[in-house]
Every structure is written in C-alpha cells, then in structure tokens.
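> Can you look at this prediction? I've put the sequence above it.
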Amino acid sequence: MVDLYLATAISDALRAELATRFTLHEGEPPATTRAIVGGGQMRLDAAMLDSLPALEIVAINGVGYDGLDLDALRARGVRVTTTPDVLTEDVADLAIALMLAVFRRVAANDATVRSGGWKAPLGRRASGRRIGIFGLGKIGTAIAERAAPFAGELLYTARSEKPVEWRYLPDIAALAEASDVLILAAPGGAATEKIVDAEVLARLGPDGVLVNVARGSLVDEAALIAALQAGTILGAGLDVFAEEPQVPQALRSMEQVVLAPHQGSATVETRAAMAALVLANLHAHFAGEDLPTPLL
C-alpha cells in the first residue's frame with residue numbers, strides 16, 4: 001500500500017478509513033512517503049520536502065495552509081488540497097458565540113454557579129454594537145450575515161471593497177477605531193502576522209471586544225495580554241493562539257476572556273464532511289482523476 005504520513009492528530013474515524021487504503025506513519029515520515037494528511041496548523045517547509053522525494057500530495061484536513069511552503073511544493077509538482085466550505089457555518093457560529101459569551105459573561109457566570117455561588121457582576125449588552133470583521137471571505141461573510149439582525153452597524157476590511165451593503169474600511173486600524181467588536185476571519189501568513197498590535201487594540205478601546213476564529217498569528221499576544229490587563233479593551237473571545245496548544249497563563253486567568261481549544265470546525269457534522277473531502281481528494285489523486293478541492 002501507499003505510504004502516508006500523519007503530520008498532525010486526526011479523528012479516529014478518519015484514521016480508520018485511511019488505514020484501509022494506506023500504510024500510515026507517524027513521528028518521522030519515511031522517504032517513501034507519497035501522501036501527507038494533517039490539520040491546518042501543520043508545517044511543511046523546503047527542508048522537509050527535500051527528505052521526501054516521493055511525495056505527491058498533501059491533503060489538509062482544514063482550510064488553513066500558512067504553515068506550508070507553497071512555492072517549494074509548486075516547484076516540486078506536489079498537489080495540495082484543503083476542505084473548504086464545509087466548515088464555514090460552524091466557524092461563523094462560534095465567532096458569534098464567543099462574542100456573546102464575552103459580553104454576557106457566560107463562562108465566568110457558569111463557573112460562579114458551579115462553585116456554589118450566585119452573585120455575579122453585571123454583563124454588557126451585545127445587541128446594537130458596531131461589529132467589524134477583518135477578512136470578508138466565505139467565513140467572514142457568514143459571520144456578518146449572522147450578526148446583521150442584531151448589530152447596530154456592520155463594517156469590514158478586506159483586500160478590496162465587496163459588493164455588499166456593509167461599510168468598507170481600508171485597513172484594520174480604521175476598522176478597530178470604528179468598531180465595538182473586532183472579529184478576525186482572515187488567513188494567516190506573513191501579510192497578517194501580528195496585525196492586531198498595541199495600536200489596533202488601543203483604537204478598539206475600553207468598551208471593545210476582540211474575537212479571533214482565524215489564526216493565532218494575527219494577534220500580538222503580548223500586546224493583547226497587556227491591553228486586557230490595563231483595561232485598554234473590555235474583553236476577548238479566542239479560539240486560536242500563537243503557540244497552540246500552549247495558552248499563556250495570563251489569558252487563562254482572566255474572567256473577561258473566553259477561551260476555546262481551536263474548535264471552530266469541531267462539530268460531528270463538519271468533521272465528518274471534512275474527513276470525507278480528505279478521502280475524496282486522496283482517492284482522486286491516486287486514481288488519476290480531477291481533485292475535488294485543489295489548492296495546488
């Protein structure tokens with residue numbers, strides 16, 4: 001059977017399906033590896049590619065690919081696939097859930113009741129807020145559609161202005177300045193690394209909330225911690241972090257921060273659909289057919 005390397009953890013169901021068709025490897029990939037499967041956080045650079053002369057396809061179980069050296073992969077003729085569209089709705093749902101949880105102290109109040117308490121500080125109203133979305137691709141658009149019924153105003157920043165009714169702002173600093181909530185839904189990579197810095201957080205302001213369902217690399221985590229500690233912003237809802245799975249103790253200790261372990265696509269339905277796309281792309285490649293969702 002074909003040698004396949006598992007670059008990151010995957011579901012038991014997907015592992016079982018792959019094991020019926022491939023010889024699975026973990027730890028260090030053998031030089032005979034012809035396929036790699038991993039999550040959106042996987043890393044694959046030119047040096048690793050040099051050790052894998054037989055590699056033909058990388059099947060990402062997710063939509064992120066900022067850890068891949070696409071130029072090197074393209075130069076070697078290695079195909080790359082992702083699992084787009086099937087996780088859009090769930091990631092958008094989580095973005096709204098995190099925003100509401102921060103304003104209404106859902107996690108902190110849950111902890112109070114579980115510990116036998118009852119009295120809790122007042123939360124803040126979530127409806128009527130100016131909601132800014134950084135990145136208006138499929139996920140950003142789905143977030144906007146969910147937020148529209150209760151938002152005071154919807155704003156966005158993207159590579160270019162879109163044919164939508166929401167207000168366009170040219171950069172993230174201006175977006176933060178005009179928003180009560182800043183939701184990150186843009187890709188990772190060099191262009192967006194630490195784009196949410198101390199200045200952006202200061203512009204978001206003391207009543208502002210940051211929500212990140214994109215990539216931890218978009219946020220200067222030290223600046224975020226400082227802003228939260230100083231009251232520069234009101235709170236944050238975070239599904240992604242700079243050095244996953246490590247989350248700074250400072251963030252874990254703050255009541256005004258709601259944390260999730262990179263769960264944007266983590267529903268039974270979406271994970272099953274993602275696994276099916278991974279398998280379909282691998283089958284198509286080795287059968288010499290068109291790939292269902294090619295990136296390269």
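Yep, it's here.
> Any figure for the gap between the nearest residue to Leu6 once chain neighbours are set aside and Asp3?
Nearest non-adjacent residue to Leu6, counting by CB to CB, 6 or more residues apart in numbering: Glu26, 5.1 Å away. Bear in mind the C-beta positions are built from the backbone N, C-alpha and C, glycine included. Going from Glu26 to Asp3 by CB to CB, to the nearest Å gives 12 Å.
> quick one, which of these two is more surrounded?
The neighbour comparison of Glu26 against Asp3 (other CB atoms under 10 Å) goes to Asp3, with 18 against 11.
> Report the secondary structure state of the more buried one.
The three-state assignment at Asp3 reads strand, by DSSP: H, G, I helix; E, B strand; the rest coil.
> could you list every residue that touches it?
Phe22, Thr23, His25, Pro29, Pro30, Thr32, Thr33, Arg34, Ala35, Ala54 (CB atoms under 8 Å, 6 or more residues apart in numbering).
> between those residues, which has the most around it?
Ala35 (24 neighbours).
> That one reaches Ala284, doesn't it?
No - judged on CB atoms under 8 Å, Ala35 makes no contact with Ala284 at a distance of 12.0 Å.
> Would you map the helices across the protein?
Assigned by DSSP state H, the chain shows helices spanning 12-19, 46-50, 70-75, 88-103, 106-114, 138-147, 172-178, 198-204, 221-230, 249-252, 268-286.
> Rebuild these as JSON lines, extending it with distance to Gly40, mean pLDDT and mean neighbour count.
Shown next, in JSON lines, are these (distance: least, CB to CB, whole Å; pLDDT from 0 to 100; neighbours: other CB atoms under 10 Å):
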{"stretch": "helix 12-19", "distance to Gly40": "14", "mean pLDDT": "96", "mean neighbour count": "14"}
{"stretch": "helix 46-50", "distance to Gly40": "17", "mean pLDDT": "94", "mean neighbour count": "13"}
{"stretch": "helix 70-75", "distance to Gly40": "14", "mean pLDDT": "96", "mean neighbour count": "14"}
{"stretch": "helix 88-103", "distance to Gly40": "11", "mean pLDDT": "98", "mean neighbour count": "22"}
{"stretch": "helix 106-114", "distance to Gly40": "25", "mean pLDDT": "98", "mean neighbour count": "14"}
{"stretch": "helix 138-147", "distance to Gly40": "12", "mean pLDDT": "98", "mean neighbour count": "22"}
{"stretch": "helix 172-178", "distance to Gly40": "22", "mean pLDDT": "98", "mean neighbour count": "21"}
{"stretch": "helix 198-204", "distance to Gly40": "24", "mean pLDDT": "98", "mean neighbour count": "20"}
{"stretch": "helix 221-230", "distance to Gly40": "19", "mean pLDDT": "98", "mean neighbour count": "17"}
{"stretch": "helix 249-252", "distance to Gly40": "21", "mean pLDDT": "98", "mean neighbour count": "12"}
{"stretch": "helix 268-286", "distance to Gly40": "10", "mean pLDDT": "97", "mean neighbour count": "18"}
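> So for Thr192, which of those sits nearest?
Evaluated with CB to CB, the helices of the chain place helix 172-178 nearest to Thr192, the distance being 8.8 Å.
> what sits against Ser127?
Taking CB under 8 Å, 6+ apart as the test, what Ser127 contacts is Phe150, Ala151, Gly152.
> just the buried members of those?
Ala151 (16 or more other CB atoms under 10 Å).
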